[in-house]
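> I'd like to go over a predicted model; first the sequence, then the structure.
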Amino acid sequence: MLRWAEVYLDRLKRNYENLKRFTGHKRIIAVVKANAYGHGSVKVASFLERKTDVDAFAVATVFEGIELREGGVEKPIIVMSNPLFENARNFLEYRLTPVIFDFESLGIALETGIPFHIKLDTGMGRLGFLPGDFQRLTEIFKSPLFKGIMSHFPVSDEDKCFTKEQFSFFLRFIKEVLKVNRNVAVHIDNSAAVPYHFDSLLTHSRIGLALYGSKPSSNFPVKLEQVMEIKSRLIQVKTLPEGWGISYGRTYVTSSREKVGVVAFGYADGLMRSLSGNWSVKINGRKCSVRGRICMDMTIVSLEGVKASPGDEVIITDRELTFDKMAEKAGTISYEIMCDVSPRVKRIFIE
Ligand SMILES: *Cc1c(COP(=O)(O)O)cnc(C)c1O
C-alpha cells in the first residue's frame, strides 16, 4: 500500500471522554458530517455508539444520514443543513431528524409527522429563523413533533464577549420555550464553546473538530490527541546533480549534489499544494523538508543525511506533525485539511 490513513479509535474515545467531563457531562451530539471530517463516518459513528454514551449524531445532508443508517447506526441522526422540501420521504424512511430553519419546511414536518429540531439564527447569519420570526414560532412549542432547539456560534474560538452576549440572547428565547415544553433538547455549543461552561439550560453539546483531536482554539483547555495519522512510502531515492531543478516550475534548484526521495503522496491525496517548500515529513525518525512544488500524486523531499530506500514509510502527519501545524503553514484551518484527505487514501481503523 502506498497511501493510507491510520484512524486510532482509542484516541477518539479518550478525546470523547475528556470533552464530556469538561462539558460537565452534558449529553454529546457527535458531529460526523463530511465523512466524519475525513475519518470515515460509519466506522466512527458505530465505534462511538458501541464504546461511549454518545447521545446522537449530526450530519449535514440526508445522504450522509442514510449512509449511517445503512451502516447499522441506531442512535438519532440530526440532519443540519438539508431543507425538508428536498426529500421529506427519506427523513421518514430512515428516521432522520431534520433541523428546520424555514416555515415551508416546518409546514411539511407538521403535515407529514416528522419529529424535528428548530434552528435560530442568533448571530451566525447563516441558517435559522431570525428574531422577527420568533413570535410566529411560539405556535409550535406544544407540538409533540418539536424535539429540540438549537443555534450556532460564529466566533466562539476568538470573541468571548460576542459569544456570551449571543448566548444570553439565545437563552432568553429558550426560557420562553421551556415555559411551555420542558422536554426539548437545547444545544448551541460547538467544540470551541466547550471551555465557556455554558450550562444552565443546555442539554447537549454538538462537538466535531475536538473529537478528532484538533484544537478548536489556541488555549483550548482539554487534552486532545490527533486521531488520524497519514502515511505513504518512498518510491524512488536518488542523488541529484548540482544545479538540478526539482518539480514543476523548477522553484527549487540544487546548490550542490542533493539526495532526495519521491513520496507517493500529492495534492490529490490531500497534501495541499500551498505547502510546497513549506512542510516536512518524517522518514525513519528524521524530518525531511519538501523540495519544490507538491504534485498531484507525488512530492519530493530532501534525504540529505537520512538513511532511506524505496519502500520506506513516510509520515505525512501524526500527533507531532499535526493538522493544526499544517493548517497554520497552509493559511487555512485544520477542518479543511481533514476534509480534503482523498478517498484514494485508504482508511485503516485501529482499536
Ligand atoms: C459543523 C458544525 C458543528 C461542529 O463544529 P465543530 O467546530 O467541529 O465542533 C456544530 N454545529 C453546526 C451547526 C455545524 O455545522
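Structure's in. What do you need?
> shaky segments in the protein?
The model of the chain has no residue with pLDDT under 70.
> tell me the phi and psi of the closest residue to W244 other than its chain neighbours?
Computed as Cβ to Cβ, 6 or more residues apart in numbering, the closest residue to W244 that is not its neighbour in sequence is T254, at 4.8 Å. For the C-beta atoms, the positions are set from N, CA and C on the backbone; glycine is no exception. For T254, the backbone dihedrals (degrees, to the nearest 10) come out as phi -60, psi 140.
> what separates T254 from the ligand, distance-wise?
Using Cβ to the nearest ligand atom, to the nearest Å, one gets 42 Å for the distance from T254 to the ligand.
> do D53 as well
18 Å.
> C161 too?
C161 sits 19 Å away from the ligand, going by Cβ to the nearest ligand atom.
> what secondary structure does that residue sit in?
Here C161 is recorded as helix under DSSP: H, G, I helix; E, B strand; the rest coil.
> so how many other residues sit close to it?
By the other Cβ atoms under 10 Å criterion, the neighbourhood of C161 contains 8 residues.
> please begin residue numbering at 528 from this point
Happy to do that; since the first residue is 528 now, the last one works out to C688.
> Any part of the helix or strand containing L595 near the ligand?
Assigned by DSSP states H and E, L595 belongs to helix 589-597. No - using Cβ under 6 Å from any ligand atom, helix 589-597 stays clear of the ligand, with a minimum separation of 11.8 Å.
> Skip ahead from that helix and say which helix or strand is next.
Next along the chain after helix 589-597, taking DSSP H and E as the criterion, comes strand 604-606.
> residues touching whichever residue of the stretch 778-878 of the chain sits closest to the ligand, list them.
Nearest residue of the stretch 778-878 of the chain to the ligand, counting by Cβ to the nearest ligand atom: Y862, 6.6 Å away. Listed by Cβ atoms under 8 Å, 6 or more residues apart in numbering, the contact partners of Y862 are Y564, L736, S741.
> mind checking how far the longest strand that the chain contains is from the chain centre?
In the chain, assigned by DSSP state E, the strand with the most residues is strand 755-767. On the basis of Cα atoms, centre = their mean, to the nearest Å, strand 755-767 sits 27 Å off its chain's mean C-alpha point.
> what are the pairing partners of it, and which direction each?
Here strand 755-767 has these sheet partners by DSSP bridges: strand 530-535 (antiparallel), strand 785-790 (antiparallel), strand 840-844 (antiparallel).
> possible to save those as a markdown table with mean neighbour count and distance to K809?
Putting the strands paired with strand 755-767 into a markdown table (neighbours: other Cβ atoms under 10 Å; distance: least, Cβ to Cβ, whole Å) gives the following:
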| stretch | mean neighbour count | distance to K809 |
| --- | --- | --- |
| strand 530-535 | 21 | 14 |
| strand 785-790 | 22 | 11 |
| strand 840-844 | 21 | 4 |
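> of all those, which lies closest to F661?
strand 530-535 (41.8 Å; Cβ to Cβ).
> Name the residues that touch the closest one?
Strand 530-535 has contacts (Cβ under 8 Å, 6+ apart) with 565-567, 570-571, 752, 754-760, 791-792, 796, 868, 871-877.
> Drop anything exposed from those.
By neighbour count, with 16 or more other Cβ atoms under 10 Å, the contacts of strand 530-535 hold 565-567, 570-571, 754-760, 791-792, 796, 868, 872, 874, 876 as buried.
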